[in-house]
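1. take this sequence and fold it.
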Amino acid sequence: MGLLRSLASKIVKRVTGTPAAASSPAAPSPSAPPRPSAEPVDLPPAESLARIDCGPQELRERLDAGEQIVVVDVRTDGEVASGTLPNAKHIPLHELEARWQELKEANEIVCYCAAGMRSLKAAQLLREKGLFNATSMEGGINAWREIGGVTVLPD
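-> Residues are numbered from 1 along each chain as shown. Below is the predicted model:
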């Protein structure tokens, strides 16, 4: 929900010019001259406002808090043998084009690889397929391990 809240806040701020938590403006007094109508605002599509990456610490905290995030390991079979994030779904990047629909019901998706480059490609591919809730974990599993993130051996 953190990414969604951030996106909603940005949209509200962009449309209204005030932060989402700000109170609504007071009604104009009856003697005040009418305000000119606001010109339409061209907003970029919501999907372009959503961050495409998240840090390993952010992901760790959100998973520890019980948020429903589908974590996708896009590394090769050989790389996965050294350990994965707990409960990660393994879809190698070269198979993602054919298997992306396995993720279409996910509330939020975070892809990761070894260092972050392939997972960024994966998140971009998923967004092109309409899954705008897909992000990439910066630094990959290497960064995850650096912050003390737990890994498990595959079954």
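
2. so where is the protein shaky, pLDDT-wise?
-> Filtered on pLDDT under 70, the chain yields the residue ranges 1-50.

3. what about the helices in it?
-> 2-16, 46-49, 56-64, 77-80, 93-99, 117-128, 140-146 (DSSP state H).

4. list the contacts of the fifth one.
-> With contact meaning C-beta atoms under 8 Å, 6 or more residues apart in numbering, helix 93-99 is reached by 74-75, 91, 113, 118, 121-122, 125-126. To be clear about C-beta, it is placed using only N, CA and C from the backbone, and glycine gets the same treatment.

5. how close does Pro154 get to Asn142?
-> 18 Å (C-beta to C-beta, to the nearest Å).

6. ok, Ala81 next?
-> Counting by C-beta to C-beta, the gap from Ala81 to Asn142 is 16 Å.

7. touching, Glu102 and His90? I think so.
-> No - proximity of Glu102 to His90 does not meet the contact threshold set by C-beta atoms under 8 Å, at 10.9 Å.

8. so how far is Arg75 from the residue nearest to Arg118 when sequence neighbours are not counted?
-> Leaving aside its sequence neighbours, Arg118 sits nearest to Leu93 (C-beta to C-beta, 6 or more residues apart in numbering; 4.8 Å). As judged by C-beta to C-beta, Leu93 and Arg75 stand 8 Å apart.

9. that concludes my questions; thank you for your assistance.
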